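In: Here is my input; please provide its structure:
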Amino acid sequence: MKFRSKPYPKTWFEILLSLIILILLPVTFVFDVFFMVPALHEPYSFWYCFNVVLAVFLNFSIAANMLAGMLIDTSVDEQCRPPPEGDAARLEWRHCAICDRLAPPRSWHCKLCGVCILRRDHHCNIVGSCVGHHTMRYFVCFVAQFAFGSIYSTIYQLYFMLGYNYTLLVTQLVCGPFPLFELVTINVFSWKLLAVYTTCSAFCYYLPHVLHGTVRFDSGPKYDCGLAYNLRCVLGERMFLVLLSPFIVSELPTDGYSFQINPNHITAKSVMAV
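Out: Take a look at the predicted model:
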């Protein structure tokens, strides 16, 4: 595994987004574990321990997947895999005018990263790098766990807030004086609602790409080789374990320079040619 030489965000907008995530994650964790969960469950009861362990697991996994997306290099490396010899072998390769070299299929140049990215999907402003062949797994796990954690925590806090006189709480916030705890409660709940909207929108958008083995720059079902193979191309051979930890090694079935093609796509193309 190769790491990026410059893993930090490139623009002020990316720095701001990264800081928001890195600040709000621990703030929400402290609120949930030290204030909300003890108010809803008896300390050291089953549901108390379950929610604390779940909060620790999700926050650690989300932060670790985000960090992996920042650090892991998924760019084209000519020293690792030079362009193939012969015109037939290079048929899928194309010339990148910016890098002034041949780039493998499904790779595209990123102006912010300054390199061609293997199986590039998009440039993620949260991690300040591109989501590509080697980092797609971490991006998918990041979004899925963030979406699940946001939904679960929001529902729990809604139940927590309904335990108070909500009308009195809102009246105090509007008319003053402003109780600090109630103000924090409303703000954290607003952050969670925003997180639910953004993460669920991202999850719903990228799930079809994962299931069909495509990225944003692909057109048609050329690389759709079945659900199981498509999932392995993103999550690796241990696809059922990667959600448990970002440190689990899960080898991908391709190297990012050549890809298996849907045989039905080849047949349809041949028929059209005839």
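In: Do you have the helices of this structure handy? List them.
Out: 12-31, 37-40, 46-71, 136-162, 166-175, 180-212, 227-235, 263-273 (DSSP state H).
In: List the buried residues in the longest one.
Out: What it means is helix 180-212. Under the neighbour-count criterion of 16 or more other C-beta atoms under 10 Å, helix 180-212 has 182, 185, 188-189, 191-192, 195-196, 199-200, 202-203, 206, 209-210, 212 buried. For glycine as for every other residue, the C-beta is placed from the backbone atoms N, C-alpha and C.
In: Out of those residues, which one has the lowest pLDDT?
Out: Of all the buried residues of helix 180-212, Glu182 has the smallest pLDDT value, namely 72.
In: List just the nearest of the buried residues of helix 180-212 to Leu91.
Out: When the buried residues of helix 180-212 are compared for distance to Leu91, the smallest value, 23.4 Å, is given by His212; criterion: C-beta to C-beta.
In: Can you give me the distance of Ser5 to Ser129?
Out: With the distance defined as C-beta to C-beta, to the nearest Å, Ser5 ends up 12 Å from Ser129.
In: which of those two has more neighbours?
Out: Relative neighbour count places Ser129 above the other of Ser5 and Ser129, with 29 against 6, counting by other C-beta atoms under 10 Å.
In: how far away is that one from Leu193?
Out: 28 Å.
In: And for Cys141?
Out: As it turns out, when the distance is counted by C-beta to C-beta, Cys141 lies 23 Å from Leu193.
In: likewise Ile117?
Out: Between Ile117 and Leu193 the computed distance is 33 Å (C-beta to C-beta).
In: Then Ser219?
Out: Relative to Leu193, and taking C-beta to C-beta, Ser219 is found at 35 Å.
In: Can you tell me the closest non-neighbouring residue to Asp121?
Out: Using C-beta to C-beta, 6 or more residues apart in numbering and skipping residues adjacent in sequence, the residue nearest Asp121 is Val215, 4.2 Å away.
In: so the one you found touches Leu118, yeah?
Out: No - here Val215 lies out of contact with Leu118, judged by C-beta atoms under 8 Å, at a distance of 10.4 Å.
In: So if I had to pick from those two, which one is more boxed in?
Out: When neighbours are counted by other C-beta under 10 Å, Val215 and Leu118 differ, and Leu118 comes out ahead with 27 against 20.
In: which ones are touching that one?
Out: By C-beta atoms under 8 Å, 6 or more residues apart in numbering, the residues touching Leu118 are Thr74, Ser75, Val76, Pro104, Arg106, Ser107, Gly132, His133, His134, Gly256, Tyr257.
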